[in-house]
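1. Requesting a structural model of the entry that follows:
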Amino acid sequence: MHRARVVATIGPSSDSTTTLTAMMAAGMDVARLNYSHGDLDGKAATIERLRSVEEASGRALGILADLPGPKLRLGRFEGSLDLTREQRVTLRCGLPSTPFADAANLPIPYAELSKELREGDPVLLADGLVRLEVLGIEGEAIHTVVVDGGRISERKGINVPRTLVGLPAVGPEDERCLRHALEHGVDFVAVSYVRSAADLEPARRIIAEAGLHTWVVAKIEHPAALNDLDAIVHAADVVMVARGDLGVEIPLEEVPAAQERIIARCLEHGRPVIVATQMLESMVDHPRPTRAEVSDVATAIRQFTSAVMLSGETASGQHPVNAVETMVRIAERAAVAVDHLPSPPALAKYRSTRAITGAAAALAADVNADAIVVATQHGNAARLMAAHRPPMPIVALTDRPRAVRRTTLLPGVRGCLVTEHDRSRDTVAEAVETLFRGDHLRGGDTVVTVTGSPFAIRGRTSTIRLIEVGDAGQLRMLE
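-> Residues are numbered from 1 along each chain as shown. Have a look, this model is predicted:
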């Protein structure tokens with residue numbers, strides 16, 4: 001339970017009940033749905049399959065809806081096009097599609113791009129594999145020359161590193177995808193291309209209007225976000241180091257330092273953090289990763305990331321189940337090495353729940369407790385408890401299945417579903433008995449509990465207790 005959690009992207013290679021069941025058994029904790037691809041009916045069917053697999057497995061599965069965001073993309077066209085060095089290419093802004101790939105008429109749906117670029121600006125296609133340089137602009141036509149060639153196809157991403165495009169963080173298409181995701185009960189929503197903390201506000205508003213507490217993931221993939229990092233981390237529930245676009249927008253050699261900096265800020269704020277993109281990229285085609293990829297995953301875990309993510313490896317790769325199994329093995333082995341590292345940075349000083357979870361973690365360490373049980377209504381108390389990285393397992397005690405699913409992004413945390421009683425002690429007693437029956441606690445175990453009062457789950461987090469588990473699973477108070 002103390003290994004980094006594994007997020008796996010669902011796509012054509014994995015979107016079947018048989019494969020999803022195998023991925024769950026292999027250790028997938030969170031399923032990512034990329035709303036940039038496919039239609040909403042297909043997403044609804046995938047969510048239904050995931051919930052069916054979750055129920056059959058008896059283990060909670062988080063679902064992450066990744067919104068398209070203000071990501072520039074080529075329009076739609078048939079086939080593919082090979083661009084060669086020094087070839088002239090014209091980008092037609094405001095053109096959503098064209099029948100066939102044509103170097104003189106490559107479609108770009110975003111009409112304003114021609115007004116935002118200048119002569120000499122770079123334009124990167126397909127995650128930076130193809131590089132163009134702007135020669136001139138006539139109306140909505142951007143004339144370019146190929147600097148680095150390669151193959152492109154429809155909907156490939158476009159990056160303009162020197163330009164901050166005017167697209168909103170959550171546009172009309174994002175709103176449509178977000179409402180669909182919320183309607184179908186996803187647990188996390190990722191806002192793409194976050195540039196400032198304000199970019200998260202539209203998603204927050206829509207979630208609040210739906211009467212939900214769905215966690216918002218801020219994807220860091222633009223250099224502007226690094227300038228507003230503390231505010232973004234504070235405003236988000238979860239942060240993702242989206243290295244694909246980040247590695248195109250900033251020099252490649254700066255990405256490792258940016259990753260380490262983002263993780264450190266998340267640790268200070270008690271925020272879960274996901275490291276994503278090309279972690280086991282070679283497994284798209286091969287059954288084994290490279291040694292460099294294994295080291296990359298292990299490094300992220302040694303930096304105390306909360307989760308590591310698979311993208312094409314499970315969405316379109318040939319070995320989706322093997323990729324999950326491999327990621328879990330690396331995470332488990334790297335977690336052993338983490339036990340010998342210095343503790344991560346202390347949480348930034350906040351009041352109330354942060355202080356109580358910190359005191360509980362210190363008490364658990366002093367008495368060498370076997371587990372920490374923390375009551376949580378929406379998952380926030382469990383998140384703050386996990387941020388202290390205690391060496392013993394954490395149990396998130398709740399009466400909400402959705403809160404249990406949120407714990408799938410928290411390393412070392414197991415969700416426990418119980419009934420809320422009038423007295424917090426009775427709620428804790430039920431949880432201890434449930435964990436005892438499930439062989440997660442044993443007679444004689446010492447447990448630190450963190451609850452609200454008078455209600456354990458809905459009361460304001462305020463109470464720390466030290467208890468012992470009886471031989472029959474009953475609760476015993478310790479002085």
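2. Strands along the stretch 1-150 of the chain, start to end?
-> 5-9, 30-34, 62-66, 72-73, 76-78, 80-83, 88-93, 97-100, 106-108, 122-125, 130-138, 141-148, 150-153 (DSSP state E, counting those that start in this stretch).
3. need these in JSON lines with mean neighbour count, can you?
-> The C-beta positions use only the backbone N, C-alpha and C, and glycine is treated the same way. Output for these, formatted as JSON lines (neighbours: other C-beta atoms under 10 Å):
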{"stretch": "strand 5-9", "mean neighbour count": "27"}
{"stretch": "strand 30-34", "mean neighbour count": "25"}
{"stretch": "strand 62-66", "mean neighbour count": "26"}
{"stretch": "strand 72-73", "mean neighbour count": "18"}
{"stretch": "strand 76-78", "mean neighbour count": "16"}
{"stretch": "strand 80-83", "mean neighbour count": "16"}
{"stretch": "strand 88-93", "mean neighbour count": "19"}
{"stretch": "strand 97-100", "mean neighbour count": "12"}
{"stretch": "strand 106-108", "mean neighbour count": "22"}
{"stretch": "strand 122-125", "mean neighbour count": "23"}
{"stretch": "strand 130-138", "mean neighbour count": "17"}
{"stretch": "strand 141-148", "mean neighbour count": "18"}
{"stretch": "strand 150-153", "mean neighbour count": "17"}
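4. Run a quick neighbour tally on Glu183.
-> Using other C-beta atoms under 10 Å, Glu183 is surrounded by 12 other residues.
5. Ignore what I typed, I meant Gly443.
-> 12.
6. Could you tell me the model confidence score at it?
-> We have a pLDDT of 95 for Gly443.
7. Not counting sequence-adjacent ones, nearest residue to it?
-> Excluding the flanking residues, the one nearest Gly443 by C-beta to C-beta, 6 or more residues apart in numbering is Asp471, at 3.9 Å.
8. With Arg402 instead?
-> Closest to Arg402 by C-beta to C-beta, 6+ apart is Asp187, at 6.5 Å.
9. Repeat that for Arg162.
-> Arg162 sits nearest to Asp121 (C-beta to C-beta, 6+ apart), 5.3 Å away.
10. Could you measure from that neighbour over to His184?
-> 40 Å (C-beta to C-beta, to the nearest Å).
11. Indicate which one of the strands of the stretch 1-150 of the chain is closest to Val373.
-> strand 5-9 (19.8 Å; C-beta to C-beta).
12. What pairs with the closest one, parallel or antiparallel?
-> strand 30-34 (parallel), strand 307-310 (parallel) (DSSP bridges).
13. re earlier: count of neighbours near the residue nearest to Gly443?
-> Neighbour tally, Asp471, other C-beta under 10 Å: 10.
14. can you check Arg288 too?
-> 13.
15. secondary structure class for it?
-> coil (DSSP: H, G, I helix; E, B strand; the rest coil).
16. List the contacts of it.
-> 282, 326 (C-beta atoms under 8 Å, 6 or more residues apart in numbering).
17. Might you quantify the distance of stretch 9-26 from its chain's geometric centre?
-> On the basis of C-alpha atoms, centre = their mean, to the nearest Å, stretch 9-26 sits 18 Å off its chain's mean C-alpha point.
18. from memory Ala242 sits against Ala276, does it?
-> Yes. Counting by C-beta atoms under 8 Å, Ala242 does reach Ala276; the two are 5.5 Å apart.
19. Looks to me like Val328 is in a helix.
-> Yes. Assessed with three-state DSSP, Val328 lies in a helix.
20. Chain neighbours aside, what residue packs nearest to it?
-> Using C-beta to C-beta, 6+ apart and skipping residues adjacent in sequence, the residue nearest Val328 is Gly27, 3.7 Å away.
21. coming back round to it: number of nearby residues for the residue nearest to Arg162?
-> Neighbours of Asp121 (other C-beta under 10 Å): 17.
22. Likewise for Ala169?
-> 21.
23. Can you give me the distance of Leu384 to Pro411?
-> 13 Å.
24. who's more crowded, those two?
-> Leu384 (28 against 24).
25. Downstream of the helix or strand hosting the more buried one, the next helix or strand is which one?
-> According to DSSP states H and E, Leu384 maps onto helix 380-387. Note on helix 380-387: by DSSP H and E, the next helix or strand toward the C-terminus is strand 394-398.
26. quick one: the helices in the stretch 301-450 of the chain?
-> Per DSSP state H, counting those that start in this stretch, the stretch 301-450 of the chain carries helices over the ranges 312-315, 320-338, 353-366, 380-387, 401-406, 424-437.
27. before we move on, back to that, can you lay out the strands paired with strand 5-9 as JSON lines showing distance to Leu363 and mean pLDDT?
-> Below are these laid out as JSON lines (distance: least, C-beta to C-beta, whole Å; pLDDT from 0 to 100):
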{"stretch": "strand 30-34", "distance to Leu363": "30", "mean pLDDT": "98"}
{"stretch": "strand 307-310", "distance to Leu363": "27", "mean pLDDT": "98"}
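28. Switch those strands over to JSON lines; also include distance to Ile10.
-> Converted to JSON lines, those look like this (distance: least, C-beta to C-beta, whole Å):
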{"stretch": "strand 30-34", "distance to Ile10": "5"}
{"stretch": "strand 307-310", "distance to Ile10": "10"}
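29. still on that earlier bit, can you put the strands of the stretch 1-150 of the chain in CSV and add distance to Ile220?
-> Below are the strands of the stretch 1-150 of the chain laid out as CSV (distance: least, C-beta to C-beta, whole Å):
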stretch, distance to Ile220
strand 5-9, 15
strand 30-34, 16
strand 62-66, 14
strand 72-73, 17
strand 76-78, 29
strand 80-83, 29
strand 88-93, 27
strand 97-100, 31
strand 106-108, 25
strand 122-125, 18
strand 130-138, 23
strand 141-148, 25
strand 150-153, 26
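30. Understood, closing this out.
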